[in-house]
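Trainee: Here is the input, now give the coordinates:
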Amino acid sequence: MKVTVFGIGYVGLVQGAVLAEVGHDVLCVDIDAHRVERLKQGHIPIYEPGLETLVRENHAAGRLNFTTDAVAAVKHGEVQFIAVGTPPDEDGSADLKYVLTVAETIGQHMQAPLTIIDKSTVPVGTADKVSARIAAMLAVRERADLAFDVVSNPEFLKEGCAVADCIRPDRIVIGTASRHAEAVMRELYAPFNRNHEKIIVMDVHSAELTKYAANCLLATKISFMNEMANLAERLGADIEMVRQGIGSDPRIGYHFLYAGAGYGGSCFPKDVQALIQTAETIDFDATLLKAVERRNVEQKHSVFNKISTHFNGELAGKTFALWGLSFKPNTDDMREAPSRVLMEALWRAGAKVQAFDPEAMEETQRIYGDRDDLRLCGTKEACLKGADALLIVTEWQVFKAPDFTVIQQQLKQPLIFDGRNLFDPASVLKKGIHYVSIGRPLNSI
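Mentor: Down below sits the predicted model:
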């Protein structure tokens, strides 16, 4: 099938590359000419395992192409994906201006019947707005004879394993009441639906809400565990033991039960806020979602609060080694990252940071530029030298089995603040290191 993808950010690029991999003819369009040219040269704007090879091979094979020509893009695809950003507006609601701009573009230039797919994360009712905008453009052109369907097809990609999620989806949600559109979607996704039935067809509004509900439920599990961690610290319990105790219940499971320094990224914070705002537009008080968001905002300050308490608030002039800058492993994404909250709090207190991350160094440089109170180091060991303590905020694999002797030798004092509970407290204590983690009894030397 001929497929057009509007937006070659995180979702659009992964979806386009995977569709090309199974044989579809994919044209990705974006207004950023520099990004388009870089992609043609094989340079990927984001870090995602497996994506660079996928893009390069399919572009070389001619199945994946990039353009800034919106007219050519509309002409190309019988299926048109809208995968542009929906950033939070000032009130936290999803800003649909980019989605609706694409809808206008499609309405202005379509010459044949089309299936338009909302892939962006959008509030309930967005497909209706997209349909209305396209219909309005067709009316202006006096081309109301051109048929089209707008389908909600939310993505469920996890950063760090998005390519695998896209190639082997656990479900494919299709929101439509049109039998024709359903048939088109089934043909499009047939290569991913051969092992067992993964397609779930529902009405458009339910499909739109499904995406938000999924992310908000996962965010709720994280905030719940962080709340339990804060209780555990005060009650003398160990949140890791609690996690194993409740996770063994198959009704609960182990996924997203890790206490830590809070969640970040482009999805959970934005989607929780957006659903809260959607609820307010219909005079519904989303009390649970508000509590989830509030707990997460507070949790991002947890590591700093522990540091401040340990040093009696006297942080000016101190230097801290920081392991982990991205909001999660296997990505360079720093949107809403707990590391940013921590670093900025340390800087306000007059401290300096020596940081390392396997992938997010360039993104950190882009965000913060050159600062006297931030030094980006080439290795995790390099940032330890002369620091007053080691801080861990991202659970990269490379951090999970460090040389504790090197840590002791390089730090001014043997002190670790671990925002991801990577180590066993008793084992670290035996190595002569003062270890402060999340939701576990405090061990000291």
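
Trainee: Name the nearest residue to Tyr254, ignoring sequence neighbours.
Mentor: Taking C-beta to C-beta, 6 or more residues apart in numbering, and ignoring the residues beside it in sequence, Tyr254 has Gly247 as its nearest neighbour in space, at 3.8 Å. For glycine as for every other residue, the C-beta is placed from the backbone atoms N, C-alpha and C.

Trainee: can you count the residues close to that neighbour?
Mentor: Using other C-beta atoms under 10 Å as the criterion, Gly247 is surrounded by 16 other residues.

Trainee: Quick check on it: phi, psi?
Mentor: When read as degrees, to the nearest 10, the backbone of Gly247 gives phi -70, psi -30.

Trainee: how far away is it from Leu257?
Mentor: Using C-beta to C-beta, to the nearest Å, one gets 5 Å for the distance from Gly247 to Leu257.

Trainee: State the distance from the residue nearest to Tyr254 to Met241.
Mentor: Computed as C-beta to C-beta, the Gly247 to Met241 distance reads 11 Å.

Trainee: just how off-centre is the helix ranked longest in the chain within its chain?
Mentor: In the chain, taking DSSP state H as the definition, the longest helix is helix 204-235. Distance, stretch centre to chain centre, for helix 204-235: 15 Å (C-alpha atoms, centre = their mean, to the nearest Å).

Trainee: Surely Gly324 and Gln397 touch.
Mentor: No: contact criterion C-beta atoms under 8 Å: Gly324 and Gln397 do not qualify, at 11.3 Å.

Trainee: More neighbours: these two, which one.
Mentor: Gly324 (29 against 9).

Trainee: For the more buried one, report the pLDDT, please.
Mentor: For Gly324, the pLDDT comes out at 98.

Trainee: Who are the contact partners of it?
Mentor: Neighbouring residues of Gly324 by C-beta atoms under 8 Å, 6 or more residues apart in numbering: Ser339, Asp357, Ile392, Val393, Thr394, Glu395, Trp396, Phe399, Arg420.

Trainee: which SSE is the first one in?
Mentor: In this structure, Ser339 is located in helix 338-348 according to DSSP states H and E.

Trainee: who touches the helix or strand following that helix?
Mentor: Using DSSP H and E, the helix or strand that follows helix 338-348 in sequence is strand 352-356. For strand 352-356, the surrounding residues in contact (C-beta under 8 Å, 6+ apart) are 318-323, 325, 339, 343, 346-347, 361, 364, 372-380, 382-385, 387.

Trainee: Next SSE downstream of strand 352-356?
Mentor: Counting by DSSP H and E, the next helix or strand C-terminal to strand 352-356 is helix 361-368.

Trainee: related to what we said a few turns ago, what about the contacts of strand 352-356, which are in helices?
Mentor: Judged by DSSP H, the contacts of strand 352-356 include Ser339, Met343, Leu346, Trp347, Met361, Thr364 as members of helices.

Trainee: can you redo those residues as JSON lines with pLDDT and distance to Thr53?
Mentor: JSON lines is the format used below for the ones in helices among the contacts of strand 352-356 (pLDDT from 0 to 100; distance: C-beta to C-beta, whole Å):
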{"residue": "Ser339", "pLDDT": "98", "distance to Thr53": "28"}
{"residue": "Met343", "pLDDT": "98", "distance to Thr53": "33"}
{"residue": "Leu346", "pLDDT": "98", "distance to Thr53": "38"}
{"residue": "Trp347", "pLDDT": "98", "distance to Thr53": "38"}
{"residue": "Met361", "pLDDT": "97", "distance to Thr53": "22"}
{"residue": "Thr364", "pLDDT": "97", "distance to Thr53": "25"}
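
Trainee: Save the residues you listed as a markdown table, and put in distance to Lys431 and neighbour count too.
Mentor: Output for the ones in helices among the contacts of strand 352-356, formatted as a markdown table (distance: C-beta to C-beta, whole Å; neighbours: other C-beta atoms under 10 Å):
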| residue | distance to Lys431 | neighbour count |
| --- | --- | --- |
| Ser339 | 25 | 28 |
| Met343 | 27 | 26 |
| Leu346 | 25 | 24 |
| Trp347 | 30 | 17 |
| Met361 | 28 | 17 |
| Thr364 | 30 | 22 |
